[in-house]
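In: I need the structure of the sequence given here:
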Amino acid sequence: MNLPFLLEIGTEEIPDWMIVPALNNLQDMFQVLLDHNAFDGQVRRTEATPRRLVLWAEGLPERQAETIELIQGPAKSAGWAAAAGFAKKMGTTPDKLKTINTSKGEYFSFNKETPGEVTIEFLARELPNLILKIQWPKTMYWNDKAIRFIRPIRWLVALLGDEVVPFEIGGVHSGNTTVGHRVLGKPSIRVKIDDFEQLLGANGVILSASERRERIEAGIKTFRVKPDPDLLHTLTYITEFPTPILGSFDRSYLELPQEVLITVMRHHQKYLSVEDADGKLAPHFIAVMNTNADPEGLVRHGNERVLRARFNDARFFWDQDQKKTLAARLEDLKTVTFQAKLGSYYDKAMRVVELVKQLGGDQNAQRSALLSKCDLTTDMVKEFTDLQGIVGGLYARAQGEPEEVWRAIYDHYKPLSMEDAIPSTHAGRILSLADKYDTLVECLKVGMTPTGSRDPFGLRRAAQGIVRIIVEGKIKYDLAGMPPESHEFMRDRVEYYFRDVRGFAYDEIRACMSSGWTDPIHLEARLKRVQAIRTTPDFEPIASSFRRIKNILKQAEFNNSTFHANLLEPGPELDLYNAIRSTKDQPLESRIGSLRPKVDLFFDKVLVNAPDPNIRRNRLALLQNLLTEFSDVADFSEIVTERQS
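Out: As a prediction, the model looks like this:
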């Protein structure tokens with residue numbers, strides 16, 4: 001009989017950004033637990049709110065399948081006394097034993113039948129450990145000092161069919177009782193698997209994340225809301241019953257830059273911004289409350305009051321900060337530490353200025369580099385750290401710096417993610433490249449290589465930004481100039497960019513990077529060429545031939561491209577040589593078609609490992625030269641052909 005299974009882990013509120021990764025981890029671990037222990041069953045669904053992680057599975061048996069194991073006993077020549085002892089050990093009688101023939105003779109044996117473990121007992125034993133193994137960025141102790149979890153566990157529901165799976169974590173016992181919404185629901189609700197989600201819904205908990213998101217979207221569709229999918233995701237996972245409400249603020253605050261206003265609303269209050277018909281910021285916001293209604297407007301008024309105080313702070317910081325120019329703040333950077341081993345942000349700014357010069361940056365680019373970190377000393381950035389760079393650009397504009405300068409400062413932290421755009425100006429791209437280069441190289445120089453999920457200085461993101469700016473911004477820079485300790489790290493980021501971001505096939509990347517990877521713009525051009533010719537009929541055959549050539553040279557331990565034309569025999573060998581010479585100045589795309597039949601005929605008719613050592617060396621040299629002819633584009637022996645796969 002196959003049974004459904006339900007697990008709910010009820011907690012105090014979990015940070016929204018941790019929920020989905022944890023839910024995925026729970027699903028993977030539970031499926032592995034079943035598979036590795038030979039239990040049938042599949043995870044059907046997972047859901048979560050800030051107060052609960054929920055997993056459903058189906059098709060679990062009442063117990064594991066029975067196993068039969070052939071146990072070899074003593075040799076038959078040992079006699080019946082030995083057989084009787086073996087039978088007793090197996091819990092049977094000698095007449096139930098069998099004999100088997102092996103290379104060493106006949107032996108007594110027994111088919112030992114082991115009944116499968118009862119599923120509910122297996123789950124009761126394994127679930128506490130599985131739950132506590134869920135991966136979190138950080139955890140806390142509660143109750144029992146030996147137990148850590150993201151937040152205190154307050155209740156546990158574990159049902160296999162109609163039965164409770166009994167276990168305990170930190171003094172909390174599993175059962176069939178869940179908890180409703182803090183305000184809209186009952187504190188204790190007895191459930192079955194079939195009515196679990198329905199009863200939660202009746203008690204103020206919309207369990208489905210997609211339904212909560214749809215409810216938010218439906219509530220805001222009548223307004224011109226500034227698109228913000230990340231904030232929408234956050235709002236989905238900080239509520240159990242989301243209800244959008246419209247609030248307003250005084251128009252006078254619109255005198256502040258909209259970047260400041262949006263940041264205050266988004267990052268500090270988790271409000272969605274509203275635009276007017278012209279796409280400009282309107283004096284409204286949308287808050288999402290975790291309840292069903294606000295009939296008297298108390299929640300709305302409370303949010304408006306909090307936002308007003310925040311905006312007043314921002315206006316005060318703006319006015320105070322303008323009393324001192326960015327240039328006058330440069331000396332203040334000497335007291336702001338970049339990293340203990342690497343000095344202050346003043347030191348970093350000076351290094352970045354020099355890098356910008358090396359990259360060919362003009363006076364505006366150098367000026368932007370000099371001022372780029374000065375906003376770290378402003379009250380605005382100290383209060384709203386997400387605005388660093390942006391505030392510097394806004395202040396530079398307000399203080400009369402040229403557009404090339406202020407816009408470069410404004411953009412120089414970009415791209416912040418794979419979805420984010422690179423800086424919009426050439427000066428901004430050079431500044432961003434120099435800043436990221438300095439962070440990466442200097443941190444790796446003092447041994448701060450990222451390990452696992454730890455990357456406090458965002459070196460992976462910096463390296464990825466370097467690649468994107470060079471390729472997408474067409475900045476001429478060869479990564480070969482980086483210090484040796486940076487090379488392998490940077491190589492991995494180049495490969496990641498072209499594989500996971502640009503979508504080139506892994507073997508195309510491997511082939512092209514084998515011929516050089518430190519010039520990403522050149523690498524991109526070569527990848528496009530290889531990708532374009534891959535679908536031509538001659539490509540895979542000649543790639544297979546190149547692989548064969550490489551193996552021949554490797555087995556012969558040959559690495560000498562010197563050969564003598566007078567040793568070439570007329571026919572396929574000489575024809576291949578002439579084809580290589582005659583097509584030398586032709587583009588790769590046409591050379592492949594011309595050379596392919598010559599290469600095929602060479603291997604059909606010519607014995608590479610000729611008895612005469614001079615002839616053999618000469619033929620190997622010819623093949624070595626053929627490989628070299630294409631090596632500036634790619635190592636085509638790395639291409640995986642259909643025959644290989």
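In: in the biggest helix by length in the chain, what's buried?
Out: Scanning the chain for the helix with the most residues, using DSSP state H, yields helix 298-321. Neighbour-count burial for helix 298-321, counted by 16 or more other Cβ atoms under 10 Å, picks out Val299, Arg300, Asn303, Glu304, Leu307, Arg310, Phe311, Asp313, Ala314, Phe317, Trp318, Asp321. C-betas here are computed from N, CA, C, even on glycine.
In: report the contact partners of the fifth one.
Out: Spelled out, that is Leu307. Gly247, Phe249, Val264, Met265, Gln269, Tyr271, Phe285 (Cβ atoms under 8 Å, 6 or more residues apart in numbering).
In: what about the fourth one, which SS state?
Out: Spelled out, it's Met265. Here Met265 is helix, with the state taken from DSSP: H, G, I helix; E, B strand; the rest coil.
In: can you select the buried ones among the contacts of Leu307 for me in ChimeraX?
Out: Applying 16+ other Cβ under 10 Å to those, the buried members can be selected in ChimeraX as follows:
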select :247,249,264,265,271,285
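In: show me the two of the contacts of Leu307 that sit farthest apart.
Out: Comparing all pairs in the contacts of Leu307 by Cβ to Cβ, the longest separation belongs to Gly247 and Val264, at 13.2 Å.
In: in the stretch 451-600 of the chain, where is pLDDT below threshold?
Out: 561 (pLDDT under 70).
In: the strands in it, which residues?
Out: Secondary structure of the stretch 451-600 of the chain by DSSP state E, counting those that start in this stretch: no strands are present.
In: surely Leu53 forms part of a strand?
Out: Yes: assessed by three-state DSSP, Leu53 belongs to a strand.
In: separation between it and His233?
Out: 17 Å (Cβ to Cβ, to the nearest Å).
In: and stretch 559-579, what's buried?
Out: For stretch 559-579, by 16+ other Cβ under 10 Å, it's Phe563, Leu568, Pro572, Glu573, Asp575, Leu576, Tyr577, Ala579.
In: let's have those residues in a markdown table, adding distance to Gly219.
Out: Formatted as a markdown table, these follow (distance: Cβ to Cβ, whole Å):
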| residue | distance to Gly219 |
| --- | --- |
| Phe563 | 77 |
| Leu568 | 80 |
| Pro572 | 76 |
| Glu573 | 78 |
| Asp575 | 75 |
| Leu576 | 72 |
| Tyr577 | 75 |
| Ala579 | 70 |
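In: mind checking which of those residues are in helices?
Out: Reading helices off those with DSSP H, I get Pro572, Glu573, Asp575, Leu576, Tyr577, Ala579.
In: of these, closest to Lys476?
Out: Ala579 (35.3 Å).
In: how close does the closest one sit to Thr518?
Out: Where Thr518 is concerned, Ala579 sits at a distance of 32 Å (Cβ to Cβ).
In: low pLDDT regions in the chain?
Out: 67, 114, 144-145, 561, 642-645.
In: show me it divided up by domain.
Out: 3-63+118-202, 67-114, 209-321, 327-522, 536-638 (automatic domain parsing).
In: show me the one of the ones you listed that comes nearest Arg529.
Out: Closest among the domains of the chain, using Cβ to Cβ: domain 536-638, at 6.2 Å.
In: endpoints of that closest one, how far apart?
Out: One end of domain 536-638 sits 17 Å from the other (Cα to Cα, to the nearest Å).
In: which residues of the stretch 1-150 of the chain fall in helices?
Out: 16-36, 80-89, 119-132 (DSSP state H, counting those that start in this stretch).
In: oh, that last question was meant for the stretch 251-400 of the chain, not what I typed.
Out: 258-263, 269, 298-321, 345-358, 363-371, 379-383, 390-398.
In: now these in TSV, with distance to Lys474?
Out: Output for the helices of the stretch 251-400 of the chain, formatted as TSV (distance: least, Cβ to Cβ, whole Å):
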stretch	distance to Lys474
helix 258-263	28
helix 269	40
helix 298-321	36
helix 345-358	17
helix 363-371	16
helix 379-383	31
helix 390-398	23
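In: next, the contact list for the closest residue to Ile390 other than its chain neighbours, please.
Out: Distances taken as Cβ to Cβ, 6 or more residues apart in numbering place Glu259 nearest to Ile390, at 5.2 Å, with adjacent residues excluded. Going by Cβ under 8 Å, 6+ apart, Glu259 touches Leu387, Ile390, Leu394.
In: burial count for Gln339?
Out: 17 (other Cβ atoms under 10 Å).
In: actually Thr178, not the one I typed
Out: Neighbour tally, Thr178, other Cβ under 10 Å: 25.
In: that one touches Leu7, doesn't it?
Out: No: the pair Thr178 / Leu7 is not scored as a contact, 11.4 Å apart, by Cβ atoms under 8 Å.
In: who touches both of the two?
Out: Taking Cβ under 8 Å, 6+ apart as the criterion, Thr178 and Leu7 both touch Val157.
In: okay, buried residues for stretch 396-408 please.
Out: For stretch 396-408, burial by neighbour count (16+ other Cβ under 10 Å) applies to Ala396, Arg397, Gln399, Glu401, Glu404, Val405, Trp406, Arg407, Ala408.
In: give me the distance from it to the chain's centre.
Out: In terms of Cα atoms, centre = their mean, to the nearest Å, the centre of stretch 396-408 is set 35 Å apart from its chain centre.
In: hey, C-alpha coordinates of that stretch in PDB?
Out: The C-alpha trace of stretch 396-408 is given here as PDB (Å, rounded to 0.1, in the frame of the first residue of the first chain):
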ATOM      1  CA  ALA A 396      29.200  65.300  -7.900                       C
ATOM      2  CA  ARG A 397      26.400  66.500 -10.300                       C
ATOM      3  CA  ALA A 398      25.000  68.900  -7.700                       C
ATOM      4  CA  GLN A 399      28.600  70.200  -7.100                       C
ATOM      5  CA  GLY A 400      29.100  71.000 -10.800                       C
ATOM      6  CA  GLU A 401      31.400  68.200 -11.800                       C
ATOM      7  CA  PRO A 402      31.300  67.400 -15.600                       C
ATOM      8  CA  GLU A 403      28.700  64.800 -16.700                       C
ATOM      9  CA  GLU A 404      31.500  62.300 -17.700                       C
ATOM     10  CA  VAL A 405      32.800  62.500 -14.100                       C
ATOM     11  CA  TRP A 406      29.500  62.300 -12.100                       C
ATOM     12  CA  ARG A 407      28.000  59.600 -14.300                       C
ATOM     13  CA  ALA A 408      31.200  57.500 -14.000                       C
END
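In: which one is Leu130 nearest to, not counting chain neighbours?
Out: Nearest non-adjacent residue to Leu130 (Cβ to Cβ, 6+ apart): Met29, at 5.6 Å.
In: which residues touch the one you found?
Out: Leu130, Lys133, Ile134 are the contacts of Met29 under Cβ under 8 Å, 6+ apart.
In: ok, the first one - how many residues close by?
Out: So that's Leu130. Leu130 has 15 nearby residues by other Cβ under 10 Å.
In: that one touches Val32, doesn't it?
Out: No: using Cβ under 8 Å, Leu130 is not in contact with Val32, being 9.4 Å away.
In: what is the most widely separated pair among the ones in helices among the buried residues of stretch 559-579?
Out: Pairwise over these, using Cβ to Cβ, the maximum falls at Glu573 and Ala579, 11.0 Å.
In: using CSV, lay out the contacts of Leu307 together with distance to Pro115.
Out: As requested, the contacts of Leu307 are exported to CSV (distance: Cβ to Cβ, whole Å):
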residue, distance to Pro115
Gly247, 64
Phe249, 70
Val264, 65
Met265, 62
Gln269, 60
Tyr271, 60
Phe285, 63
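In: fine, thanks again, bye for now.
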